[in-house]
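Asks: got a predicted structure plus its sequence, pasted below:
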Amino acid sequence: MKQRIHHILWQPETFLALLVASLFGLMGQLDPAFIQWHVQRELSTHAWELAIIAIPMTLVILTGGIDLSVGAIMSLTAITLGMLFQSGCPLPLACLAALLAGILCGALNGWFITRMQVHPLIITLATMAAYRGVAEGISRARPVSGFPSSFAWLGQGLWLGIPVAGWLFLGLLVVMLWMMHARSFGTHVYAIGLNSTATRFSGIRVDRMLLAIYTFSGGVSALAAILLVARRNTAKADMGMGMELGVITAVVIGGVSIFGGRGSLLGTCLGILLIHETREFVSWHWNRDELNLLALGALLILSVVFQKLLRHKRATP
Amino acid sequence: MKGGIRKVFAYMVRYRAAGLFLFIFCLLTLVTLVNPTFLEWQNLRDIAVQAAPICIISCGLMLVLVTGEIDISVGSMMGLLAACMGAMASLSRGNWPPGVVIPLTLGIGMLLGLLNGWLVAYAGIPSIIVTLGMLTALRGVTELIMAGTWITDLPSGIRFLGTGTWLGIPVSVWTALAVFLVSLWLVHQTAIGKRIYAIGSNPHAARLAGLPIKPIKVFVFAWTGLLTGVATLVSVPQLSVVDSGIGVGLELLVITCVVVGGTAVNGGIGNLGGVLCGVVLMTMISTVLIFMKLGEDATYWSRAIQGLFILGAILADHWISNQRKT
Amino acid sequence: MERLKTNALSKSYGGTHALKDISMDIIAGEVHALCGENGAGKSTLIKILSGVERPDTGKVHWRDAPLPLGKVDAIEAHGVVAVHQEPVIFPHLNAVDNLFVGREHAMACGIWLNQASMRKQTQNILATLGEALSVTEPVGEMSLAQRQMVSMARALIHQCRILILDEPTASLSARESASLFGRINVLKEQGVGILYVSHRLEEVFKLADRVTVLRDGASVGTWAIKDLNRDTLIKHMVGREVPVAPPTSSPNVKPTKQPVIEVSALCRKGAFNDISFHIQPGEILGMSGLVGAGRSEIARALFGVDRFDSGNILYGGRTWTSLTIQDAIAHGIAMVPEDRQLQGLVLPLSVETNLLLPSLANHECFRGLDQGTMRSTAGDLVTQLGIKTESPSKPAESLSGGNQQKIVIGKWLHTHPTLLILDEPTRGVDVGAKSEVHRIIQALAAKGTAILLISSELPEILSLSDRIMVLCGGCNQGILSRQEATQEILLRRSLPTDSGRDI
């Protein structure tokens, strides 16, 4: 029992939770207005796309891979949505087509990764250029706007007091938590990240699972793109630029090992919360955006150092 | 006859430099047939000036990849170095003489590289994390330094590095040539070059053989930082305005060139000739698209074509490894 | 007298003592064998002597002067050189660079490398080893034995006075081993002291002058070889008497039974050719042959890991011309792969998860994974197989090699396989745990499981198998009954002849 408590106590999630709690305490001291519900709700609109993509990215990194193309898939799907809408296609159908395009992009990533046996970093670096390039090509780098106001509800509206995008995130999170903890899928994901050969030799369809996870990542990126288009009321090829780095940073700060096999969705959520709150507070209170970048980079490196220490501590009681 | 063609093709795919060279040659022939003005001195010089800084950084980054690490911070590093250089040299701010500014810029670049290398080799943080953190943090520092302003008044001494010529060839191209030759020497004629390849080829054996793994890793990162400084000095003065956005996305372009040039991300493989061809190919694509007279729309497709080239390079690598297995 | 003397060497990793107070000496001109079970501290000692690791306390003296510990290059300069078990090979570099990286010859004040002198010396060394290798081809494209030779050449480039050989015959054929032994004797006559580490006790008795035994990181003692025999040496290594695995009392096989599997004319280009055999329920078919004879490749093909080009497998009432791992498992084939750490186990995961990995989906119910049945299934397996672990929730990597191997076998037991393929099931397993693994195999066969046993250890094959198939160069050299088979016949059939080579 004592050992178990020791084990739980030295989990990165525990420390992240403490860190987030003390951050809220600090922010409440410095600027009580900031932690009001309606302020937080308003500011959260900046974070939903990143948070939604962080869910499949957690799975991807847990398997020992990486997906650099999520931002580019957002751009391509946003353009698909915009161009179809512009050419007179009904909006729901255009959204469906965008989702389908995202799924196809993700599946193509997965196909390359499982067939070519090349590191996902390189494959998704290539498709990152290719997808965004196609988006630029077909849209000639021009924006599409003029979506109906009902569409904006998806990105800006509330339902039961919580943003619609937030509901989508929560729904996705609950489903994936169930998949990870109550299905063999979760254990298999960790096993792949720790040793994919042994997992394959245990009869698990590793290739099929990887294909599914990268496809899922593509589909969710498309979902995020739809939300972003709805929120900004415009679709443009430079959408989601740099998104991949933000998402990976959040996931890694959340305690997911870049080599795979270690970390959790809960940690990712705490990581997102931590960087979102820090960023918004620095902008809100000091109005200094450049400090954010500095803090984010330092936080990333420090958190990995810290996680290393924690892992060591956990191993030797 | 058919076998002969196959053999030539296999050779081209296997020796990336030769394959890319042939590809570039075909592309040049094609574009010249469509539009002979492509081969005009002015145009070739423009492409060379564009390629020079990419080539300089690629020579360093290739070595990082050969050791099995990665550096995605070069873009932000260039942004920071440009800001530092601008702040030190500009007439309205530091107005320091070039003799001070140049070594200081190079020194800062090397220090940043040292920091990357130290974090990777001695603190044991994965290089993708370290340099991702640096990518973000250094951009933040740049914005702190620039504080929303920009610099337009670089002194002529510094300007010369970007726009001057010697024997009719721009200084930046001469510099790139020098860096390339030094890199060739480093890779083929020095102990450290051999060791860089050995470490990437089999890290475990390198440990058993007692190779100084950590210092060598620090060296490749510091070397890349130094070369980023060189690239900054010869490219940024070409711009009329120095702001905080210089070098955004540069890391991806450089990695693309290095990978298209046949460097393996898992370490151990990398060829300077291939990398040079990769740089030339990647930088001439957009110009080629313009000269092909495909209309204005064609230029929007240059990024997509870059992506296709990387995918092509990956397919070629895959094909080689399959060939080897059978 | 020239000798290497260690003085109270100790080393611990994170609280566990790998070496405790080791004092021994190696005299020039002798072959000194180092024996011990896995985890006894042999590799740690070698790493310290060769400078890869630095000891916590203690000193090493060479010719009565202290050696600079923890510096490979400085120790090599003193003539103390190690050939590690895994060849020190850089696959992308050519032979010259492989030999000289880390000790390059420079000229013109270090501006240029002296390529000519390095190339010449490489050719000389390789010539004395009797190998005609290309010095420009990347070493990664050479054969395994040639790579081993390059690794050896790397050690011999120094004027070595003490040579440390760690399991040098692990991946060599009998003929290559013999030439290595000749080489060792030549070096010994030249006055080189040799520290020889091997699991193969025959080699120790053939080569060594003295033996030092390590157990649990401590030195048990040093003996002249003539004062020991096989049994006393094993007793020193294990610390207790180990009974030799008794042969199965009588064949379990009733010849009238339907075979579990029938393989006919199985081929894969470059790996194996025209392989046909069948196994009956309860029968153990041994598969013998040298490393690289195609044994593991056949096992992988049967388990669906690799494709095969032609031939078919009659199994589970179906004729398969291609199959996947999932097909194989669904129809009751299970495999214990040759590389336990890479292919058998997910080391950081718990014993329980590793045991349940192939059948985890069976434990899914509406509310999620059924923790209760999972725990009881794993607990049953742990007791049934005698896996020694504090708790099933400990990571698999915390267990010893023998217990890890039991997990790999155990994870298939509740899928109730009708055919179990075991590829080198006792490689890297201690003498003590070895006989337990043998007992498990025999118990499974007694219950009616057909077993395909691949092993390089002839005594193991001979004592366990009902019939033995010998492979050479991917070809079947005949199937022998247990009565017919002797070590000599197996060895003779497994050595390549001129006609046996070509596939």
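Replies: Arrived safely.

Asks: use CA for all of it now, contacts and neighbours both
Replies: Will do.

Asks: how does chain C divide up, domain by domain?
Replies: Domain ranges of chain C: C:3-238, C:259-332+C:417-503, C:347-416, per automatic domain parsing.

Asks: among the ones you listed, which comes closest to chain B?
Replies: domain C:3-238 (4.6 Å; C-alpha to the nearest C-alpha).

Asks: chain B contacts on the stretch 101-250 of chain A?
Replies: The stretch 101-250 of chain A comes close to chain B at residues A:116, A:118-119, A:122-123, A:125-134, A:136-137, A:140-141, A:245, A:249, as judged by C-alpha under 8 Å from any C-alpha of the partner chain.

Asks: apply 10 Å and report the result again.
Replies: Neighbours of chain B within the stretch 101-250 of chain A, by C-alpha under 10 Å from any C-alpha of the partner chain: A:112, A:115-119, A:121-141, A:241-242, A:245-246, A:248-249.

Asks: for PyMOL, what selects the buried ones among these?
Replies: Here is the PyMOL command that selects only those of those that count as buried (16 or more other C-alpha atoms under 10 Å in any protein chain shown):
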select buried, chain A and resi 112+116+118+119+122+123+124+125+126+127+128+129+130+131+132+133+134+135+136+137+138+139+140+141+241+245+246+248+249
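
Asks: of the residues of the stretch 101-250 of chain A next to chain B, which belong to strands?
Replies: Using DSSP state E, no member of those sits in strands.

Asks: sketch out the helices for chain B, chain order is fine.
Replies: B:2-14, B:16-34, B:41-66, B:74-89, B:98-121, B:127-146, B:156-163, B:171-189, B:191-201, B:203-208, B:213-235, B:250-260, B:272-291, B:302-325 (DSSP state H).

Asks: right, so those: which one is the most enclosed?
Replies: Each of the helices of chain B was scored by mean neighbour count; the highest is helix B:74-89, a mean of 27, by mean count of other C-alpha atoms under 10 Å in any protein chain shown.

Asks: average pLDDT across it?
Replies: Mean pLDDT, helix B:74-89: 93.

Asks: so which elements touch it?
Replies: helix B:41-66, helix B:98-121, helix B:127-146, helix B:156-163, helix B:213-235, helix B:250-260 (3 or more C-alpha pairs under 10 Å, 6 or more residues apart in numbering or on different chains; DSSP states H and E).

Asks: give the contact list for B:Pro271.
Replies: Just to correct that, residue B:271 is Asn rather than Pro. By C-alpha atoms under 10 Å, 6 or more residues apart in numbering or on different chains, the contact set of B:Asn271 is B:15-17, B:59, B:62-63, B:66, B:184, B:187, B:258, B:261-264.

Asks: okay, buried residues for the least confident helix or strand in chain A by mean pLDDT please.
Replies: Ranking every helix and strand in chain A by mean pLDDT, DSSP states H and E puts helix A:2-9 at the bottom, with a mean of 71. Within helix A:2-9, the residues scored as buried using 16+ other C-alpha under 10 Å are A:His7.

Asks: is any residue of the host helix or strand of A:Ala191 near chain C?
Replies: Assessed by DSSP states H and E, A:Ala191 sits inside helix A:184-194. Yes: Helix A:184-194 reaches chain C (C-alpha under 10 Å from any C-alpha) through A:Ser184, A:Phe185, A:Thr187, A:His188, A:Tyr190, A:Ala191, A:Ile192, A:Gly193, A:Leu194.

Asks: can you add pLDDT and give these back as CSV?
Replies: Below are the residues of helix A:184-194 next to chain C laid out as CSV (pLDDT from 0 to 100):
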residue, pLDDT
A:Ser184, 88
A:Phe185, 91
A:Thr187, 92
A:His188, 93
A:Tyr190, 94
A:Ala191, 94
A:Ile192, 94
A:Gly193, 93
A:Leu194, 93
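
Asks: most neighbours of all these, which one?
Replies: Counting neighbours by other C-alpha atoms under 10 Å in any protein chain shown, A:Ala191 leads the residues of helix A:184-194 next to chain C with 31 neighbours.

Asks: show me the contacts for that one.
Replies: Listed by C-alpha under 10 Å, 6+ apart, the contact set of A:Ala191 reads A:62-64, A:185, A:197-200, A:204, A:206, A:260-262, C:345-349, C:353-354, C:357.

Asks: can you give me the pLDDT of the closest residue to chain B within the stretch 51-200 of chain A?
Replies: Nearest to chain B in the stretch 51-200 of chain A, going by C-alpha to the nearest C-alpha, is A:Gly133, at a distance of 3.6 Å. pLDDT for A:Gly133: 90.

Asks: okay, the closest residue to it other than its chain neighbours: pLDDT?
Replies: Spatial nearest neighbour of A:Gly133, chain neighbours left out: B:Ala304 (3.6 Å); criterion: C-alpha to C-alpha, 6 or more residues apart in numbering or on different chains. You'll see B:Ala304 listed with a pLDDT of 87.

Asks: hang on, B:Ala304 packs against B:Met282?
Replies: No: taking contacts as C-alpha atoms under 10 Å, B:Ala304 lies outside contact range of B:Met282: 11.6 Å.

Asks: and the one residue sitting closest to the centre of chain B, what is it in contact with?
Replies: By C-alpha atoms, centre = their mean, the mean C-alpha position of chain B lies nearest to B:Ser58, the distance being 2.6 Å. B:Ser58 makes contacts with B:52, B:64, B:180, B:224, B:227-228, B:251, B:253-259, B:261, B:272, B:275-276, B:278-279, as judged by C-alpha under 10 Å, 6+ apart.
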